[in-house]
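Chemist: Have a look; sequence and predicted model below, questions after that.
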Amino acid sequence: MSSFPCSVHPPAGDTSPLPSVAFSDDWSPSLSATLYKVHAWGGPYFAVNSSGNITVQPHGSETLSHQEIDLLKVVKKASDPKSCGGLGLQLPLIVRFSDVLKNRLKSLQFAFDSAIHSLGFQSHYQGVYPVKCNQDRFVVEDIVSFGSSFRFGLESGSKPELLLAMSSLCKGSPEAFLVCNGFKDSEYISLALLGRKLELNTVIVLEQEEELDLVIEISNKLCIRPVIGLRAKLRTKHGGHFGSTSGEKGKFGLTTTQILKVVKKLEQVGMLDCLQLLHFHIGSQIPSTTLLADGVREAAQIYCELACLGAQMRVIDIGGGLGIDYDGSKSMESDISVGYSLEEYAAAVVQAVQYVCDRRSVKHPVICSESGRAIVSHHSVLIFEAMAASAYAAPTFSTLGLQCLVEGLSEEARADYQNLSAVTMRGEYETYVLYTDQFKQRCVEQFKQGTLGMEQLAAIDGLCDLIGKSIGTNDPVQTYHINLSVFTSIPDFWGIEQMFPIAPIHRLDEKPTARGILSDLTCDSDGKIDKFIGGESSLPLHELKGGHGSGGYYLGMFLGGAYQEALGGVHNLFGGPSVVHVLQRDGPHGFAVTHAAPGPSCGDVLRVVQHEPEIMFQTLKHRAEEFGDDDGNSVVNTAALATCLAHSFNKMPYLVASSCGLNAINNDNNNSNGFYYCSSNDDYNAAAIAESGCGGGEEQEQWSYCCA
C-alpha cells in the first residue's frame with residue numbers, strides 16, 4: 001500500500017494569502033492604510049496615524065495636524081469604567097463626529113455655490129435633508145443648526161417624520177423648505193397645512209393623483225393656502241441596484257398625462273398659482289454625471305412646460321442620488337461606488353437646468369436636492385470587538401493509527417485513499433481536491449452505516465487537513481466572533497448585500513498575519529460578514545492577544561451613517577449600540593464628548609416586543625422565593641438571586657469582555673483625564689448614566705421592589 005510522503009511542497013507559483021500588499025518584515029502604518037484602502041474610501045475624513053490607529057479628520061481637507069482625533073482614544077473614553085475617568089459605556093458603540101456632519105453640509109453647499117457662480121446661474125441652491133436616512137434627534141438638530149445659514153431644510157415621508165421636521169425647523173431658517181413626500185392621508189395633509197400656519201415653508205409634494213382632491217378639500221376647510229409640488233415619473237432610468245424606483249414603472253410619481261390632469265384641475269379651482277415645485281428621483285447611488293444630467297434635463301423640460309402652462313414654478317427638486325464611494329474605486333460600474341466628485345455632481349446639475357431653461361426662456365429656478373446619504377454617511381463610525389477567533393482544528397494521529405484506520409475502510413474508500421496518495425505525490429493538486437471530497441464522502445457513508453467510528457471519522461478529517469496544509473489547498477480563513485448583531489447594526493449588508501469599509505481601528509503598525517470573516521452573536525447563519533470591499537471574501541486581520549474571550553481587538557465599520565440605524569430591528573432581541581457624540585477641540589485633549597447614551601437594556605428591548613419586564617421580574621422573584629435556598633449553605637440565596645435577576649433586565653444584551661482590553665492597550669496612558677475633557681456646555685450628565693444602571697462597577701438599583 002502506498003503512503004503519503006513525509007513532506008509535501010506547494011505548487012510552483014503559490015501566492016501570498018494576503019495579496020493586496022507586498023508583505024515585508026518592516027511593517028508600517030502607511031502599508032496598513034494601503035491594505036485597507038483607507039485613503040481611497042476615507043478621504044478626506046479618515047487616515048492612519050504613526051501609532052497605527054485610525055484617526056478622524058473632522059474638518060475634512062482643512063483639518064490641521066493637531067486637530068486629528070484618534071478613534072481609539074474616543075473608544076477608550078467611552079468604554080473605560082467611570083473609576084478610570086471613562087463613561088462606562090458598553091460596546092458595540094456608534095461614534096458620531098458632528099464636525100464631519102457640518103463639513104459635509106458645507107462641502108455640498110459650496111459645491112453648488114461654486115457651480116452657480118462659475119456658470120452664471122441666476123438663482124441659488126437650497127438643500128433639504130431626508131430624515132429617513134437617520135432620524136436620530138441630535139443628527140437632525142445638528143443639520144438644522146449647521147445648515148441654518150444655508151437655508152437648509154428637511155424632507156419627511158411619514159406623519160412622525162413630519163412632526164419631527166416641523167419641531168426641528170422651528171429653530172432653523174424661516175426660508176428652509178419642509179418637503180412633504182410619501183403617501184398621504186387627510187391627517188398628513190392637515191398637519192402639513194398647519195405647518196404653513198406656523199410660518200414653516202412647507203411644500204406638499206403630490207405622489208399620486210388622488211392626493212390632490214384631499215389637498216384642495218382640506219386647504220379650503222382650514223382656509224390655508226397650500227404650496228404644492230409634483231413628483232414626476234421620468235423616463236430616464238437608473239439601471240443599477242438602487243434604481244428600482246426610477247423609470248415609468250417606478251413606485252412613486254405622476255406620468256405626464258397625470259401631471260396635465262393635475263394642472264387642469266388646479267386651474268379649474270383657481271389654485272394653479274399654488275403649484276410651485278417639481279420633484280423627481282431617479283434612484284440612489286447615481287453612478288455617473290452623464291445619467292444624472294440626462295435625468296435633470298428631462299425634468300427641466302417638464303418644469304418649463306409647467307411654467308408655460310401658468311403654474312408659478314420656482315423650485316426644481318432633483319431628489320436624492322448623490323452617491324458615496326464605499327470602496328474607493330471611483331467606478332461607474334459598481335453599485336457601491338461613483339465616478340464623480342461633489343463638485344462634478346453640482347456642476348452637472350446646474351449646467352443641465354440652465355441649458356434647458358435658457359433655451360425655453362424660463363427664469364432659472366431654485367435648485368433643491370435631497371442628498372441624505374452623502375450628508376450623513378461619513379459622520380458615524382460603528383465600533384465593535386472581536387471576542388474570539390476560531391479555525392478548523394483537525395485531530396492528530398500517529399502513523400500506526402493511520403495504518404489501522406486505512407485497513408478499516410471499505411474497498412471503495414481504500415481505492416479513493418490510494419488515488420489520493422498517488423495524485424498528491426505527483427503534485428496534481430486540483431485533482432487532489434476532487435479525490436479528497438470523494439474520499440470523505442465514502443467515509444461519511446460508512447459512519448452512517450455504523451461500520452466506521454466517530455474517532456476514525458475524525459482521524460480521516462485530520463489526515464486530509466494535514467495534507468491540505470502541506471500543499472496549500474486548505475482555506476486559511478479564520479472566523480472572528482464579533483460582539484455585534486449584523487441584523488440590528490448593518491441590516492443593508494444582510495438585506496441587499498451592501499458592503500461597507502471595515503478595518504481594525506488600531507494595531508495598524510503591526511503586520512496582519514491572518515485572514516478572517518466576521519460572525520456575529522445572533523443564532524442565524526446569515527449573521528456573518530463574508531464579503532468585503534474590493535471583491536474580497538475575507539479580511540486581513542491580526543491574531544487576537546490574550547486568548548479566547550479576551551476582547552480588546554476593535555474593528556470599525558465606516559460610512560454607515562445613512563439608513564443602518566433607521567432600518568435596524570431587534571433580531572434575537574439585540575438592541576442598538578451605545579452612542580457618543582464628539583466635537584473636535586483645540587488643545588492637549590483633542591476632543592470633547594458632548595453627548596453619550598447607553599444602548600438599550602434587555603428590559604428596553606423586551607418592551608419593544610410587548611413584554612413587560614417589571615411583571616416578568618415579579619414572576620421570577622416569586623419563583624425564587626418558592627424554590628430559593630435560604631438555609632445559609634448556598635452562595636446564591638433568595639435575595640441575591642432576585643437582585644441578580646433585576647440587574648439582568650438592566651444590562652445591554654451584548655457580551656461583556658472578561659478583561660479591559662483598552663486598559664491593556666494603553667498601559668502607559670491609564671489616566672484618561674490626561675486625554676479627554678467635556679466642554680462646559682456639555683449636555684451629557686454622567687450621573688444620569690450612573691443612575692440608569694449602565695457601565696462598570698456597582699449600579700444603583702432601578703426598581704425599588706427588586707430587593708427581596
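Modeler: That came in fine, so what should we check first? As the structure is a computational prediction, the values presented were derived from the model and not from experiment.

Chemist: Val580 is in what secondary structure piece?
Modeler: Val580 is part of strand 578-584 when elements are defined by DSSP states H and E.

Chemist: now whichever helix or strand comes after that strand against strand 578-584, angle please.
Modeler: Remark: after strand 578-584, the chain's next helix or strand is strand 591-597, criterion DSSP H and E. Going by axes from the mean of the first three to the mean of the last three Cα atoms, to 10 degrees, strand 591-597 is angled at 150 degrees with respect to strand 578-584.

Chemist: Strand 591-597 - contacts with which helices or strands?
Modeler: Packing partners of strand 591-597 (3 or more Cβ pairs under 8 Å, 6 or more residues apart in numbering; DSSP states H and E): helix 71-79, strand 578-584. For every residue, glycine as well, the C-beta is placed using N, CA and C.

Chemist: before we move on, the earlier item: name every strand pairing with the strand holding Val580 and say which way it goes.
Modeler: Using DSSP bridges, the strands paired with strand 578-584 are strand 93-97 (parallel), strand 591-597 (antiparallel).

Chemist: Tally up the residues packed near the closest residue to Leu154 other than its chain neighbours, please.
Modeler: Once flanking residues are discounted, Leu154 sits nearest to Ala165: 4.0 Å by Cβ to Cβ, 6 or more residues apart in numbering. Residues lying near Ala165 (other Cβ atoms under 10 Å) number 31.

Chemist: Would you verify that Ala165 is located in a helix?
Modeler: Yes - assessed with DSSP: H, G, I helix; E, B strand; the rest coil, Ala165 lies in a helix.

Chemist: picking that back up, adding mean neighbour count, write the strands paired with strand 578-584 out as JSON lines.
Modeler: Formatted as JSON lines, the strands paired with strand 578-584 follow (neighbours: other Cβ atoms under 10 Å):
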{"stretch": "strand 93-97", "mean neighbour count": "25"}
{"stretch": "strand 591-597", "mean neighbour count": "22"}
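
Chemist: ok, back up a step: of all the helices and strands packed on strand 591-597, which lies closest to Leu206?
Modeler: Leu206 lies closest to strand 578-584 among those, at 36.8 Å (Cβ to Cβ).

Chemist: now the strands paired with strand 578-584 in TSV, with mean pLDDT and distance to Phe447?
Modeler: TSV is the format used below for these (pLDDT from 0 to 100; distance: least, Cβ to Cβ, whole Å):
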stretch	mean pLDDT	distance to Phe447
strand 93-97	95	46
strand 591-597	92	53
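
Chemist: Among these, which comes closest to Ala389?
Modeler: Nearest of the strands paired with strand 578-584 to Ala389, taken as Cβ to Cβ: strand 93-97 at 20.8 Å.

Chemist: That closest one: how far from the chain's middle?
Modeler: Distance of strand 93-97 from its chain centroid, counting by Cα atoms, centre = their mean, to the nearest Å, is 11 Å.

Chemist: With Pro365 as the reference, measure out to the closest residue to Ile367 other than its chain neighbours.
Modeler: Excluding its sequence neighbours, the residue lying closest to Ile367 (Cβ to Cβ, 6+ apart) is Tyr125, at 4.9 Å. According to Cβ to Cβ, to the nearest Å, Tyr125 and Pro365 sit 11 Å apart.

Chemist: just Gln109 next, same as before
Modeler: In this view, Gln109 and Pro365 are 17 Å apart by Cβ to Cβ.

Chemist: repeat for Phe558
Modeler: Applying Cβ to Cβ, the value for Phe558 to Pro365 is 36 Å.

Chemist: doesn't Gly310 fall inside a strand?
Modeler: No - judged by three-state DSSP, Gly310 forms no part of a strand; its state is coil.

Chemist: okay but it is in contact with Gly270, surely?
Modeler: No - counting by Cβ atoms under 8 Å, Gly310 does not reach Gly270; the two are 11.5 Å apart.

Chemist: ok, these two, which is more surrounded?
Modeler: Taking other Cβ under 10 Å, Gly310 and Gly270 do not tie; Gly310 has more neighbours (13 against 8).

Chemist: Now the more buried one. Nearest residue, chain neighbours left out?
Modeler: Leu272 (5.4 Å).

Chemist: got the contact list for that neighbour?
Modeler: By Cβ atoms under 8 Å, 6 or more residues apart in numbering, the contact set of Leu272 is Val263, Leu266, Leu309, Gly310, Ala311, Gln312.

Chemist: The second one belongs to a helix, doesn't it?
Modeler: Yes - with three-state DSSP as the criterion, Leu266 is part of a helix.

Chemist: Thought Leu275 was touching it, still the case?
Modeler: Yes - between Leu266 and Leu275 there is a contact under Cβ under 8 Å: 5.8 Å.

Chemist: Looking at these two, which one has more neighbours?
Modeler: Counted by other Cβ under 10 Å, Leu266 and Leu275 do not tie: Leu275 has more neighbours, with 26 against 21.

Chemist: what sits opposite the more buried one in the beta ladder?
Modeler: Ile228.

Chemist: any low-confidence regions in the protein?
Modeler: Scanning the chain with the threshold set as pLDDT under 70 gives 1-25, 237-251, 391-404, 469-475, 546-551, 566, 568-573, 628-636, 657-708.

Chemist: got a list of what the residue sitting nearest the centre point of the chain touches?
Modeler: Nearest to the mean C-alpha position of the chain, by Cα atoms, centre = their mean, lies Gly560 at 3.0 Å. The neighbours of Gly560, taking Cβ under 8 Å, 6+ apart as the test, are Ser377, Ser380, Val381, Leu382, Ile490, Phe500.

Chemist: just the strands in the stretch 401-550 of the chain please.
Modeler: For the stretch 401-550 of the chain, the strands defined by DSSP state E, counting those that start in this stretch occupy 477-482, 502-504, 514-519, 528-529, 539-541.

Chemist: Relative to Ser410, which of the ones you listed is closest?
Modeler: strand 477-482 (32.5 Å).
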